[in-house]
Each structure stands twice: as structure tokens, then as C-alpha cells.
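**Student:** Generate coordinates for the sequence data below:
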Amino acid sequence: MLDFHIEKSGVPIYVQIRDQMQRAIGSGTLRPGEQLPTMRQLAVELKIDLNTVRRAYDELERSGVILILRARGTYVAEKPPPMDVAQQARKVQSLAHKVIALATSSGIDPADVASELLRVTKKRGTKR
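**Tutor:** Below is the predicted model of the structure:
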């Protein structure tokens, strides 16, 4: 099971869960098709309200990161189907703006984030 770390940092717990799950999927710790703990299991493990976990899972499902199959479990989503060029360009631009806003609000130079993205991408062997 994943080792979640909930901090008393002022960041909502559901955001911490969502972000940690996304990092685990992005890093390859969680792979497409892998089953995740149920909402109830995670709530009990973290000693938090079930609705907090539900909110994190719902956001992850809406963004296409996980699939919640009622009575069958929750799974890391398979890779999404290919997008057309215009749709991909819009998503890349939207993501770039979100990262810039997040970095800036955290006091981090967005150029440093871009450099780290390239370094991690090369390390993982992803072509670009």
C-alpha cells in the first residue's frame, strides 16, 4: 500500500492525497491498471474522514488519472487515448500555466521547474 504523509501544513488533506497519488503515478510507483486501496481503507489507514478521501478520488477520477468501478475497485487509469494536435496543444498550454502559477505562488522560479521536468524526463527515458 502507498505510504501517504499527511502534514499539518494548511494544505487541505484531500489535496495532499490527490497530489501524492499523482506523483506516485507520474513516477511509475503506481502503474496503469494497478488496484488502489478503497476509499474506506485509505480513510481508516490515515485516520481521516471518508468524505476527504472521496473528494481526492473524485478529483482524480474527473481528471482521468484513476477509474472507480463500483463494487469492483479503484484502479490507475490506462494511458489515455491519443489526442488530436490542437487538443494536445491546449492541454499543454493549460498545464504550463498551472505549473507556472503553482511555482510562483510557492516562491519557486518556473524556469527551475522546467529544468527539473527535463531532467526527470531524460532520467525516465521518455523521448522529447
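**Student:** Spit out the contact partners of the spatially most central residue of the chain.
**Tutor:** Relative to the mean C-alpha position of the chain, the nearest C-alpha, by C-alpha atoms, centre = their mean, is the one of residue 22, at 1.9 Å. Residues near residue 22 by C-beta atoms under 8 Å, 6 or more residues apart in numbering: 60, 65. Just so you know, the C-beta spots here come from the backbone N, C-alpha and C atoms, and that holds for glycine as well.
**Student:** and it, helix, strand or coil?
**Tutor:** With DSSP: H, G, I helix; E, B strand; the rest coil as the basis, residue 22 sits in helix.
**Student:** so where's the protein shaky on pLDDT?
**Tutor:** By pLDDT under 70, the low-scoring segments of the chain are 1, 80-83, 125-128.
**Student:** what's next to the longest helix along it, contact-wise?
**Tutor:** Longest helix in the chain, counting residues (DSSP state H): helix 85-105. The contact list for helix 85-105 (C-beta under 8 Å, 6+ apart) reads 83, 109-110, 112-113.
**Student:** just to revisit the earlier point, tell me how far the residue nearest to the centre of the chain lies from residue 62.
**Tutor:** 13 Å (C-beta to C-beta, to the nearest Å).
**Student:** Most neighbours among the contacts of helix 85-105, please name it.
**Tutor:** Ranked by neighbour count (other C-beta atoms under 10 Å), those have residue 113 at the top, with 16 neighbours.
**Student:** how about the helix or strand that contains that residue as PDB, C-alpha atoms only?
**Tutor:** Element membership for residue 113, per DSSP states H and E: helix 110-124. The C-alpha coordinates for helix 110-124 follow below in PDB (Å, rounded to 0.1, in the frame of the first residue of the first chain):
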ATOM      1  CA  PRO A 110       9.200  28.400 -13.000                       C
ATOM      2  CA  ALA A 111      12.400  28.100 -15.100                       C
ATOM      3  CA  ASP A 112      13.800  25.800 -12.300                       C
ATOM      4  CA  VAL A 113      10.700  23.700 -12.500                       C
ATOM      5  CA  ALA A 114      11.100  23.500 -16.300                       C
ATOM      6  CA  SER A 115      14.700  22.400 -15.900                       C
ATOM      7  CA  GLU A 116      13.700  19.700 -13.400                       C
ATOM      8  CA  LEU A 117      11.000  18.500 -15.700                       C
ATOM      9  CA  LEU A 118      13.500  18.000 -18.500                       C
ATOM     10  CA  ARG A 119      16.000  16.200 -16.100                       C
ATOM     11  CA  VAL A 120      13.300  13.800 -14.800                       C
ATOM     12  CA  THR A 121      12.000  13.200 -18.300                       C
ATOM     13  CA  LYS A 122      15.500  12.300 -19.500                       C
ATOM     14  CA  LYS A 123      16.100  10.100 -16.500                       C
ATOM     15  CA  ARG A 124      12.900   8.100 -17.100                       C
END
